[in-house]
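Engineer: quick one, what's the 3D model for this:
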Amino acid sequence: MACRNKARGVLFGLACLVGAQAQAQDASHFFADKTINFIVASGPGGGYDMYARLLTRHFGRNIPGNPSFAVQYLPGGGGIVAANNLYGLSKKDGTVMGLLASSTFLLAAVGDPHTKFENLKFTFIGNMNEEADTCSVWHTTGIKSVQDLKSREVIIGTAGVGSNSHTFPVGMNAVIGTKFKPIPGYSGGAQIRTTAMERGELHGSCGIFVSTLGAQFGQPLSEGKLNVVLQMGLTRHPKYKDVPNALELASDDVGRQSLELLFAQLALGRPILAPPDVPQDRAALLSKAFQETMRDPQFIAEAEKTNVETRWFDGARMRDVMMKMESAPAPIKARVKAILEQQS
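Structural biologist: Okay, the predicted model is just below:
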């Protein structure tokens, strides 16, 4: 009997080993002949599209099985539509992922009822770029300084309520006394807003990442037609060392802490995520492939050629950033939520 039990134990052990090997093999072969649906939280032509297209041209080469990618644009709600879709309506087998708007994570952290997702339950793949945000104005407006932003109404276009381009100006109006008048409806990329500036329809725009400025607006910047007068982020961006940061202009600790929470999302400037509950082996494979893509010489060469900034980091640090946002003091969350609910 003891021998029989021993034999059964050996057989059980072998079965477990074979099962584990089969599972690992399944993960490494799962993506062969698959198409990964890649959701983008904006319309075509903007900064998010630029990063999505760059990544998807190289990502499949670094995933075992070399899957193809199909980009799907889901603008709306300042990024909430795409985030809700990825979280609750997408397949959880690794064949759907997306580049979401980091602003939606702040909304979820402070309890916005339109966000139907929990930040920490997403599957974190990696972040393509740590960002800083800017407020820029057209040269014909005569606006040249932060003092000008405080002394006169400044009409700016936004991608919609909930987007950085809308919530950041509202927050700065409340904390540092700027007089931005945000006009929603300019979704589909920063180019739409800059075109409206050129027409005289808008004075300027906030919510254009430094990386987008460098990649898409080099000429109007160099010609002095588009001028950066204020930046947002936890520190000044190296490219704009002489431009004031809104954090520096807060007059009290509560205001500063509120802006810090508001701007924390910028660390997740170009976040790549998958839905919750993706099998761990596939999630690990995708995360590893993301890091390999960021180090891929062909990817790096194209990023440099197109002037796309890639201050990237992995999924583990993404989770850390999310946790800090979630753990902000309740009074600060309440202040930020009140700012976000002002709408204008």
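Engineer: SS state for the nearest residue to residue 121 once chain neighbours are set aside?
Structural biologist: Closest residue to residue 121 apart from its sequence neighbours, by Cβ to Cβ, 6 or more residues apart in numbering: residue 276 at 4.3 Å. Where you see a C-beta, it was placed from the backbone N, CA and C, and this is true even at glycine. Secondary structure assignment for residue 276 (DSSP: H, G, I helix; E, B strand; the rest coil): coil.
Engineer: ok, now how distant is residue 276 from residue 171?
Structural biologist: Between residue 276 and residue 171 the distance is 29 Å, computed by Cβ to Cβ, to the nearest Å.
Engineer: also residue 93?
Structural biologist: 38 Å.
Engineer: more neighbours: these two, which one.
Structural biologist: In this view residue 93 and residue 171 are compared by other Cβ atoms under 10 Å, and residue 171 has more residues nearby, 27 against 14.
Engineer: which residues touch the more buried one?
Structural biologist: Shown in contact with residue 171 (Cβ atoms under 8 Å, 6 or more residues apart in numbering): 258, 259, 262, 336, 339, 340.
Engineer: quick one, strands of the stretch 151-300 of the chain?
Structural biologist: 154-158, 180-184, 204-209, 226-232, 271-274 (DSSP state E, counting those that start in this stretch).
Engineer: worst mean pLDDT among those strands?
Structural biologist: Across the strands of the stretch 151-300 of the chain, strand 204-209 has the smallest mean pLDDT, namely a mean of 91.
Engineer: tell me the gap between stretch 45-59 and the middle of its chain.
Structural biologist: On the basis of Cα atoms, centre = their mean, to the nearest Å, stretch 45-59 sits 12 Å off its chain's mean C-alpha point.
Engineer: got the CA coordinates for that stretch in PDB?
Structural biologist: The C-alpha trace of stretch 45-59 is given here as PDB (Å, rounded to 0.1, in the frame of the first residue of the first chain):
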ATOM      1  CA  GLY A  45      -3.800  62.900 -34.800                       C
ATOM      2  CA  GLY A  46      -2.900  63.900 -31.200                       C
ATOM      3  CA  GLY A  47      -0.200  63.000 -28.800                       C
ATOM      4  CA  TYR A  48      -1.900  59.800 -27.500                       C
ATOM      5  CA  ASP A  49      -2.300  58.600 -31.100                       C
ATOM      6  CA  MET A  50       1.400  59.400 -31.800                       C
ATOM      7  CA  TYR A  51       2.600  57.300 -28.900                       C
ATOM      8  CA  ALA A  52       0.100  54.500 -29.700                       C
ATOM      9  CA  ARG A  53       1.200  54.300 -33.300                       C
ATOM     10  CA  LEU A  54       4.900  54.300 -32.300                       C
ATOM     11  CA  LEU A  55       4.400  51.500 -29.700                       C
ATOM     12  CA  THR A  56       2.200  49.300 -31.900                       C
ATOM     13  CA  ARG A  57       4.600  49.400 -34.800                       C
ATOM     14  CA  HIS A  58       7.300  47.700 -32.600                       C
ATOM     15  CA  PHE A  59       5.500  46.000 -29.700                       C
END
